[in-house]
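**Q** Based on what follows, work out the 3D shape:
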Amino acid sequence: MAIKQLPPHLVNQIAAGEVVERPASVVKELLENAIDAGSTKIEIDIEQGGVKRIRIRDNGKGIPKEELSLALSRHATSKIASLDDLEHVASLGFRGEALPSIASVSRLTVSSKTEDSEQGWAFSPQHTDDGQEDFVEPEPVAHAKGTTIDVRDLFYNVPARRKFLKTENTEFKHLADVVKKISLSNFQIGITLRHGQRSVLTLQPAKDRMGADRRVADICGPAFMEQSLYLDYEAAGLKLWGWVGLPTFSRSQADLQYFYVNGRMIRDRLVTHAVRQGYSDVLYHGRHPAYVLFLEMAPEKVDVNAHPTKHEVRFREGRLVHDFLYRTLHKALADVRPNVDSSQMDAPDLPEQANHSASFQYTPTQQNLSIPVSNNNSNNPTGFQREQGGQVAEQMAVYGRMHESPDSFQRSQIGQSKLPPLSEDFSKRMSAQVTASMPVDSSQETGQVPPLGFAVAQLHGIYILAENAEGLVVVDMHAAHERITYEHLKNSMYEDTVRSQPLLVPSSLAVSQKEGDCAEEFANTFEKLGFELNRLAPEKLAIRAVPSLLKDSNVEQLVRDVLSDLLEHGTSQRVEEEINEILSTMACHGSVRANHRLSIPEMNALLRDMERTERSGQCNHGRPTWTQMSIDQLDKLFMRGQ
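**A** Below is the predicted model:
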């Protein structure tokens, strides 16, 4: 077959195959056009899941009469005019493909009126028998300022595409999801969605933070807002703000995750990995975080022209973006603990950052609390070299009377060649060296009620019941002590460098040339993690030393995983996660057990440590450590005041 130029209608239908997948795709493109037009009110009417009809009306700038036919021409747009405009594009649409692509697979009518026009005009391309589009003159029509786009009989001329559509309810569900996602990034716009003359979604414009909270609650549910943390942080030319769900509000599926870059809804592996890393150490195994986050950056630092539907973007400094997202979220979640003064908060450290500002606000969930930021830099990927006994003793001092055994446990074994056995009496030996008397709770003497209140009883040797200003606090004794012990072990370890242990017989590792180059490029990174790697050949590495805590693990697989992370993201948390896993096991076995009776002073000491410890809302496995029941909730149980 000879090479020849394709006819315009066929070109548009091919483009429609990339842009118009289903009715939801049409709604996405048309909504983005309405937003770019400066609309403050958008109405969406749907019939038969969008297959029969999609009508979107806005009150934007409108399209002049002489430009209506041009608007349906391929690659015609008012949003960019040069390559420089493309590199600095701030609008959601810019290719000029949506309207002609939609018009090629449907019966489309565009009606519009500009502010300085006396009347509106309607334009509808006609399809001939051979599939060509016949453009006619616009007709006058009564229309308010703005634009209405009416799409009927989607895929009527492409039967093969129509066969792939699902049921009406399924298609409408996808369509409604797109409307919700776009409305989350445009709080200033009122949006109404109707299906078959029935109102499905009505969102009022949000003029302040309270209105934005209300919209997020309408879309994500009030439970998300009640168990979420609002953050607003800016550094290194990047700004991250939005709502992140607490780890206790995790989901079985990744169905409540909304991420936007400069107002554009995206799905990106780098972003997903960074957010997942930010939730490390607090998320229950197999669960997914919930969040509505907005990343703002200079338009030239992100390429939005990397995907046909613009769902994926390409960051020019991916490693910086990944590190910024991870550190910001990790720090914000670490500081969710019972305390009182959010003004004491510090911002997470970032490389090469200049001026920065931070704001973290905690929406009441388990308790009425705000979020301070600790000065402890627990994210620093280093280890420990000094003896651990004194540091852990400092934390365990308040629990000196929990254990009866006076035997001493030498914590210095942690960094040595052999880990202590995790036997049944491990918790006794771990904390037996502490025999100091209980400190006096000064807040109880002064009459001030701390966030977790004061202990009143112990239930079945498992739960601590405490009374605070809000009502009743129930604490899982073992889970809370486990998190406290774990955080102290991590802080003690990461204050110095990782202790490395040379291998008597170096291990050889076959790698690709790309992985070998990566090992040489990141030699300093491996050294900080406790590894000593030498390149014996282009595709062969020698492992001469490993972190002492990981000497019994699968070191070769760990090195491969670290290399994979470095190639993909430019950073890796694999070694830290492996070490933390060991420390977590030690903390679990070294914590006070169920059925262990505590005195009131001992329970109060545990509560005060929870208020000082990062991530104290969850144990090492992601389970909640405490919950709050207000007086109103207790009254409802007994129908008081009804």
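**Q** And the protein, what are its domain boundaries?
**A** With domains defined by automatic domain parsing, the chain comprises 8-203, 209-362, 377-642.
**Q** residues in contact with the closest residue to Ile266 other than its chain neighbours?
**A** The shortest distance from Ile266 to any non-neighbouring residue, by Cβ to Cβ, 6 or more residues apart in numbering, is to Val313 (5.4 Å). Bear in mind the C-beta positions are built from the backbone N, C-alpha and C, glycine included. The neighbours of Val313, taking Cβ atoms under 8 Å, 6 or more residues apart in numbering as the test, are Val261, Arg264, Ile266, Asp268, Val302, Asp303, Val304, Ala306, His307.
**Q** Now stretch 92-105 - C-alpha only, CSV.
**A** Taking C-alpha atoms only, stretch 92-105 is exported to CSV below (Å, rounded to 0.1, in the frame of the first residue of the first chain):
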residue,chain,number,x,y,z
LEU,A,92,-5.2,22.5,31.9
GLY,A,93,-5.7,22.2,28.2
PHE,A,94,-3.3,23.4,25.5
ARG,A,95,-3.2,21.0,22.5
GLY,A,96,-6.4,21.9,20.8
GLU,A,97,-7.4,18.2,20.2
ALA,A,98,-10.3,17.7,22.5
LEU,A,99,-13.2,19.4,20.7
PRO,A,100,-12.4,18.1,17.2
SER,A,101,-11.8,14.6,18.5
ILE,A,102,-15.1,14.6,20.4
ALA,A,103,-16.9,16.1,17.4
SER,A,104,-15.6,13.3,15.1
VAL,A,105,-17.2,10.5,17.2
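**Q** Tell me the gap between it and the middle of its chain.
**A** 31 Å (Cα atoms, centre = their mean, to the nearest Å).
**Q** pLDDT on stretch 100-120, on average?
**A** Across stretch 100-120, pLDDT averages out at 91.
**Q** wait, stretch 70-77
**A** Throughout stretch 70-77, pLDDT has a mean value of 81.
**Q** What's the separation between the residue nearest to Ile266 and Lys113?
**A** For Val313, the distance to Lys113 equals 35 Å [Cβ to Cβ, to the nearest Å].
**Q** Strands of the stretch 1-150 of the chain, start to end?
**A** Shown for the stretch 1-150 of the chain, the strands assigned by DSSP state E, counting those that start in this stretch span residues 41-47, 53-58, 107-113, 120-123, 126-127, 133-134, 139-141, 146-152.
**Q** now the angle between strand 146-152 and the first one, please.
**A** Spelled out, that is strand 41-47. Inter-element angle recorded for strand 41-47 and strand 146-152: 10 degrees (by axes from the mean of the first three to the mean of the last three Cα atoms, to 10 degrees).
**Q** what does strand 41-47 rub up against?
**A** 23, 27, 31, 34-35, 53-59, 172, 175, 179, 189-196, 205.
**Q** go on, the last one?
**A** Strand 146-152 is touched from outside by 26, 30, 33-34, 37, 39, 52-63, 99, 102, 106-113, with contacts defined as Cβ under 8 Å, 6+ apart.
**Q** buried ones in the next helix-or-strand element following it?
**A** Counting by DSSP states H and E, the next helix or strand C-terminal to strand 146-152 is helix 159-163. Across helix 159-163, burial judged by 16 or more other Cβ atoms under 10 Å covers Arg161.
**Q** Mind listing residues that contact helix 159-163?
**A** Contacts for helix 159-163 (Cβ under 8 Å, 6+ apart): Gly17, Val51, Val105, Leu154, Phe155, Tyr156.
**Q** Save these as TSV, and put in distance to Tyr486 and neighbour count too.
**A** Below are the contacts of helix 159-163 laid out as TSV (distance: Cβ to Cβ, whole Å; neighbours: other Cβ atoms under 10 Å):
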residue	distance to Tyr486	neighbour count
Gly17	52	13
Val51	54	22
Val105	57	24
Leu154	55	28
Phe155	56	19
Tyr156	62	13
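**Q** Just the closest of those to Pro138, please.
**A** Val105 (21.8 Å; Cβ to Cβ).
**Q** that older thread, wait, which of the domains of the chain is closest to Met1?
**A** Per Cβ to Cβ, nearest to Met1 of these: domain 8-203, 14.5 Å.
**Q** From one end of that closest one to the other, what's the distance?
**A** End-to-end span of domain 8-203 (Cα to Cα, to the nearest Å): 39 Å.
**Q** Which parts of the stretch 401-550 of the chain are strands?
**A** So, for the stretch 401-550 of the chain - with DSSP E, counting those that start in this stretch - the strands run 454-459, 463-467, 471-476, 500-510, 532-537, 540-547.
**Q** what do you get for the stretch 151-300 of the chain?
**A** Using DSSP E, counting those that start in this stretch, the strands of the stretch 151-300 of the chain run over 190-195, 198-203, 228-235, 238-245, 257-261, 264-265, 291-296.
**Q** Please identify which of those strands is closest to Asp335.
**A** Closest among the strands of the stretch 151-300 of the chain, once you apply Cβ to Cβ, is strand 228-235, at 9.1 Å.
**Q** Just the buried residues of that closest one, please?
**A** Those would be Ser228, Leu229, Tyr230, Leu231, Tyr233, Glu234, Ala235, for strand 228-235 by 16+ other Cβ under 10 Å.
**Q** repeat for stretch 146-154
**A** Gly146, Thr147, Thr148, Ile149, Asp150, Val151, Arg152, Leu154.
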